[in-house]
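>>> what follows is a predicted structure for the sequence shown.
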Amino acid sequence: MSEFNLEGPDLIKKIKKSNISDLYNLSKKIRSFLIDNVSNTGGHLSSNLGAVELIVSIHRVYNSPKDRIIYDVGHQAYVHKILTGRAGDFKNLRKKDGLSGFPKREESNHDIYDTGHSSTSLSAGLGIATARDLSGKDYEVISVIGDGSMTGGISFEALNNIGSSGKKIRIILNDNGMSISKNVGGLSSHLLNLSTSKKYLNAKESMKNKLPEIPFIGKKIAGGLTRSRDKVKFSLLTNQGILFEDLGIKYIGPVDGHDYKQLIRAFNNANKIDGPTIVHVITKKGKGYEWSEKYPRKFHGIGPFDKYTGESIKKSNLPTYSAIFGDKITEIADKNDKVVAVAAAMGTATGLGKFYEKFPHRYFDVGIAEQHAVIFGAGMAINGYIPVIAIYSSFLQRAFDQLIEDVALHNLHIIFAIDRAGLVGADGETHQGQFDISYMNMIPNMTILTPASASQLEEMLDYAINECSTPVSIRYPRGESNDLKLPFNGKNNRIQKGEDITIYAVGTMISIAIKVRDLLSKYDINAGIVLINIVKPYDFSLSEFEKDSNTKLLAIIEDGIFNGGFAEKFISKNNNLNKEILNFNLPDAFIKQGTVDEQLDSCGMSPEKITDKILEVFQK
């Protein structure tokens, strides 16, 4: 019996030599390790617990890093990281300078492709396979993709290309959306043995080559047999199998994703086929941990929690911006039956759970398909409805063209609830919402609202739905709200007049502006604050605030990049004020994981660093 040390060397070599019963012991050890560590750090738990046997089997059959394994999204990458020598780093998972929650090429040569957004592994895999063939090299390319990612349009574009290319690429579809019964399991085992055995493949190839050579009747017989074979095969295959086979991709499955024998046999048989294959694997999300099996969505991405009770360890009792949005939009929809909600596979995460419960016929989750979500909303808006489309800032980037061509061009009344705007913390580079002000700011007819508090978010939703008739985006950050009582009256407001400096705070940056004001007061510097709630259309009355002010210095704090942002627009419109203007923006760079406070500090945007910079200017 093999003893597996998760932090020891040569774990993959041991996996390749171990018997099946030992691998099940390894699975238990990995699950226990994941629960212990993720309960302390937070992270993606359910998807990793469900994929343990799958990932172990991949490393049993394939030879990473020679064989290239690409993980779609990367939610299953924790198991991969454990097996490739990084278990000892899990105490710093998702922390500053620690282990990333996603595959990172800079972290290990086993991580082939940086991922964080979905539906990319198939296209990337085909690109890598094509480069392999052009270079005359010999290795396997394995693209692992979840069933949810198959709803993304990019996946279908890739499948179409993969089938027509004939390239040797192995697709592993991790399907955790259904269970596998004994009947299906037995049938799939039979199909697995029959359709991928060497004897079957050789006979099929020989018949295909020889039958057409028979004079007069050979071609007809070959065609008839092909049609008969396809009828029999398609009557047995699942709907997924028909689709893939039609595209030219050999389908194997369904395979029980927790049965090592089935998984290893399926992957070995797939490798016998000289062309694209897809192995359809059925797994149970959250497997092995009572609470994640019961609440797989809650434990998909979760903060620190009590591993015994499954309860989240909260630092504050303040509601999140997502929850405030969800409650308010449900309240509005109760009074206005033209309001509908659209999500892109993140309905619960964006706070729309209550809306769905109350108005299931007015709630539409289109899957991981942001482009489709925006056009779908445009179609509803043209017919008199008011779609509220809730999507993370970094995910909405995928629908940039649709925002322009299908919404702004038609000047449609659609509200974009941009969740996770600004810095997001532990998820890191792929999820930072640092670009939404800039990409929305360049789009004609678009209004950009930036609430500074929970109450302002509620007021802005009322304003956007009841007082606007054109596209509106409302951006707000991840996590807990603040309890500042600030009015929103459809314009930007001066919160306090200053004698020495005026600080312009964009949305929730008001909290930092208040701290900077208080720090400056210790140096007898009197700071005023202007709250920017409307980034676009640009508010020309802002110049009037400064004309009646004697301050010689202005500071702008904005949780977005400078290029295309509010600060750039303000400076270009006010170059005749005869005042020095400091801007504090997120850098033109990808911002690594850490806490939001750590990220602000590294960007020079913590209250202390902003204060130091202002003092520097005053000393001059």
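All right, it came through fine.

>>> can I get the longest strand seen in the chain as CSV, trimmed to CA atoms?
Assignment by DSSP state E gives strand 553-561 as the longest strand of the chain. Extracted as CSV, the C-alpha positions of strand 553-561 are listed here (Å, rounded to 0.1, in the frame of the first residue of the first chain):
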residue,chain,number,x,y,z
LEU,A,553,-4.1,71.8,-5.5
LEU,A,554,-6.6,69.2,-6.7
ALA,A,555,-6.3,65.4,-6.2
ILE,A,556,-8.4,62.8,-8.0
ILE,A,557,-8.9,59.3,-6.6
GLU,A,558,-10.3,56.8,-9.1
ASP,A,559,-10.4,52.9,-8.9
GLY,A,560,-9.8,52.6,-12.6
ILE,A,561,-7.0,53.2,-15.1
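
>>> can you list the strands that it pairs with?
According to DSSP bridges, strand 553-561 forms sheet pairs with strand 501-506 (parallel), strand 580-586 (parallel).

>>> what comes up buried for the longest one?
Counting neighbours by 16 or more other Cβ atoms under 10 Å, one finds that the buried residues in strand 580-586 are 581-586. For every residue, glycine as well, the C-beta is placed using N, CA and C.

>>> any low-confidence regions in this structure?
Within the chain, the ranges that satisfy pLDDT under 70 run 1-2, 177-241, 545-548.

>>> report the contact partners of A51.
By Cβ atoms under 8 Å, 6 or more residues apart in numbering, the contact set of A51 is 76, 79, 174, 257, 283.

>>> may I have the phi/psi pair for the second one?
Note on V79: its backbone torsions stand at phi -60, psi -40 [degrees, to the nearest 10].

>>> just say helix, strand or coil for the closest residue to it other than its chain neighbours.
Sequence neighbours aside, I55 is the residue nearest to V79 in space, at 4.0 Å (criterion: Cβ to Cβ, 6 or more residues apart in numbering). Three-state call for I55 (DSSP: H, G, I helix; E, B strand; the rest coil): helix.

>>> I55 contacts H80, correct?
Yes. Applying Cβ atoms under 8 Å, one finds I55 in contact with H80, separated by 5.5 Å.

>>> mind putting the buried residues of strand 580-586 into a markdown table with distance to V617?
Output for the buried residues of strand 580-586, formatted as a markdown table (distance: Cβ to Cβ, whole Å):
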| residue | distance to V617 |
| --- | --- |
| I581 | 10 |
| L582 | 7 |
| N583 | 12 |
| F584 | 12 |
| N585 | 17 |
| L586 | 21 |
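
>>> for the chain, which helix is longest?
helix 20-41 (DSSP state H).

>>> so which bits of it are buried?
The neighbour-count criterion (16+ other Cβ under 10 Å) identifies 22-24, 26-27, 29-31, 33-35, 37-39, 41 as the buried residues of helix 20-41.

>>> who's in contact with the closest residue to G384 other than its chain neighbours?
Nearest non-adjacent residue to G384, counting by Cβ to Cβ, 6+ apart: K338, 6.4 Å away. Contacts for K338 were tallied using Cβ under 8 Å, 6+ apart; they are 384-386.

>>> same thing with F618?
Contact partners of F618, counting by Cβ under 8 Å, 6+ apart, are 500, 523, 525, 553.

>>> what's the answer for I82, then?
I82 neighbours (Cβ under 8 Å, 6+ apart): 6, 11, 30, 33, 90.

>>> now V38
Counted by Cβ under 8 Å, 6+ apart, V38 has contacts 44-45, 48, 78, 93, 302.

>>> would JSON lines of those with secondary structure be doable?
As requested, these are exported to JSON lines (three-state DSSP):
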{"residue": "H44", "secondary structure": "coil"}
{"residue": "L45", "secondary structure": "coil"}
{"residue": "N48", "secondary structure": "helix"}
{"residue": "Y78", "secondary structure": "helix"}
{"residue": "L93", "secondary structure": "coil"}
{"residue": "I302", "secondary structure": "strand"}
